[in-house]
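Undergrad: Generate coordinates for the sequence data below:
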Amino acid sequence: MEDHQVVALTQRDRDILDFERSWWTVTAPKDVQIRERFELSATRYYQLLGELLDDAEAMAYDPLVVRRLQRQRDRRRRARLEPRVVEEDGTR
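TA: Sure thing, here's the model as predicted:
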């Protein structure tokens with residue numbers, strides 16, 4: 001039997017999920033808010049967020065936000081992987 005270590009969410013993890021719940025209520029662009037609030041680049045922020053979306057503790061903390069973000073991620077992945085059809089006149 002494998003020993004699975006459960007790691008509780010950090011305060012930063014909870015802050016990221018809380019931010020995703022309400023970032024659009026502030027007028028500043030999201031990437032600016034990320035830099036100011038978390039002192040992270042947008043790239044690093046989205047890496048951390050992606051990891052959180054697969055974390056059972058994150059799902060338990062805020063299932064609505066996590067599921068919404070998982071659906072968005074899945075739609076983007078499908079769109080990236082779908083073959084692009086090019087018509088005879090060169091349009092897609």
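Undergrad: Could you tell me which other helices and strands the lengthiest helix in the chain packs against?
TA: Looking across the chain with DSSP state H, the single longest helix is helix 63-81. Here helix 63-81 touches helix 11-22, helix 42-52, helix 56-61, going by 3 or more Cβ pairs under 8 Å, 6 or more residues apart in numbering; DSSP states H and E. Any C-beta I mention is one placed from the backbone N, CA and C, and that applies to glycine too.
Undergrad: Try it again at 6 Å.
TA: Secondary structure elements in contact with helix 63-81, counted by 3 or more Cβ pairs under 6 Å, 6 or more residues apart in numbering; DSSP states H and E, are helix 11-22.
Undergrad: Flag every buried residue along the helix it packs on.
TA: Buried residues in helix 11-22, counting neighbours by 16 or more other Cβ atoms under 10 Å, are found at 13-14, 16-17, 19-20.
Undergrad: Tally up the residues packed near residue 24, please.
TA: 9 (other Cβ atoms under 10 Å).
Undergrad: so how far is residue 15 from it?
TA: Between residue 24 and residue 15 the distance, using Cβ to Cβ, to the nearest Å, works out to 16 Å.
Undergrad: likewise residue 21?
TA: 11 Å.
Undergrad: For residue 8, which non-adjacent residue is spatially closest?
TA: Here the nearest residue to residue 8 in space, its sequence neighbours aside, is residue 57; by Cβ to Cβ, 6 or more residues apart in numbering that works out to 6.1 Å.
Undergrad: check which helix or strand covers the residue nearest to residue 40 when sequence neighbours are not counted.
TA: Residue nearest to residue 40 in three dimensions, not counting chain neighbours: residue 34, with 6.1 Å by Cβ to Cβ, 6+ apart. Residue 34 is part of helix 30-38, with elements assigned from DSSP states H and E.
Undergrad: Who are the packing partners of that helix?
TA: Counting contacts by 3+ Cβ pairs under 6 Å, 6+ apart, helix 30-38 packs against helix 42-52.
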